[in-house]
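S.K.: here's a sequence, model it:
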Amino acid sequence: MNANEIKEDMKVVGSDDQHVGTVDKVEDGQIKLTKGDSENGKHNFISVDLVELVDGNSVRLSSTAAEAKGQFKDNSAFGSL
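M.R.: The predicted structure is shown next:
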């Protein structure tokens, strides 16, 4: 998987086909998800290492949506991303 294949506004889904979020951008090996699409109203970040496949307008993760959401990174560690 090439991180350059991941584009803004792609849907991110878990291996269980459940919605995780929508891509805002990719930077420094992290996928920044839009905050308007998050349950906590914040930008959440997940590692591109979790990406199994980029297919059409979707990014499929190797983990379930619940597992991915449990691994969201604290956005304060990413400064002004």
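S.K.: count the residues that sit near the closest residue in space to G41 that isn't next to it in sequence.
M.R.: Computed as CB to CB, 6 or more residues apart in numbering, the closest residue to G41 that is not its neighbour in sequence is K35, at 6.0 Å. Every C-beta, even on glycine, is put in place using the N, C-alpha and C of the backbone. For K35, the neighbour count with other CB atoms under 10 Å is 15.
S.K.: now M10
M.R.: Neighbours of M10 (other CB under 10 Å): 19.
S.K.: are we agreed that V26 is in a strand?
M.R.: Yes. Counting by DSSP: H, G, I helix; E, B strand; the rest coil, V26 is found in a strand.
S.K.: strands of the protein, start to end?
M.R.: Assigned by DSSP state E, the strands in the chain fall at 11-13, 19-27, 30-33, 45-47, 51-55, 58-61.
S.K.: what's the spacing between S15 and H43?
M.R.: 23 Å (CB to CB, to the nearest Å).
S.K.: please apply the same query to L53.
M.R.: From L53 to H43 the distance is 23 Å (CB to CB).
S.K.: distance of G41 from T22?
M.R.: Distance from G41 to T22, by CB to CB: 14 Å.
S.K.: looking at these two, which is more packed in?
M.R.: T22 (18 against 8).
S.K.: returning to that earlier point: more neighbours, S15 and H43?
M.R.: H43 (19 against 16).
S.K.: quick one: that one and I31 touch, right?
M.R.: No. Taking contacts as CB atoms under 8 Å, H43 lies outside contact range of I31: 10.4 Å.
S.K.: related to what we said a few turns ago, and the strands of the chain as a markdown table, adding distance to Q71?
M.R.: Listed next are the strands of the chain as a markdown table, based on distance: least, CB to CB, whole Å:
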| stretch | distance to Q71 |
| --- | --- |
| strand 11-13 | 12 |
| strand 19-27 | 10 |
| strand 30-33 | 11 |
| strand 45-47 | 6 |
| strand 51-55 | 13 |
| strand 58-61 | 10 |
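S.K.: okay, the ones you listed, which one's buried deepest?
M.R.: strand 30-33 (a mean of 23; mean count of other CB atoms under 10 Å).
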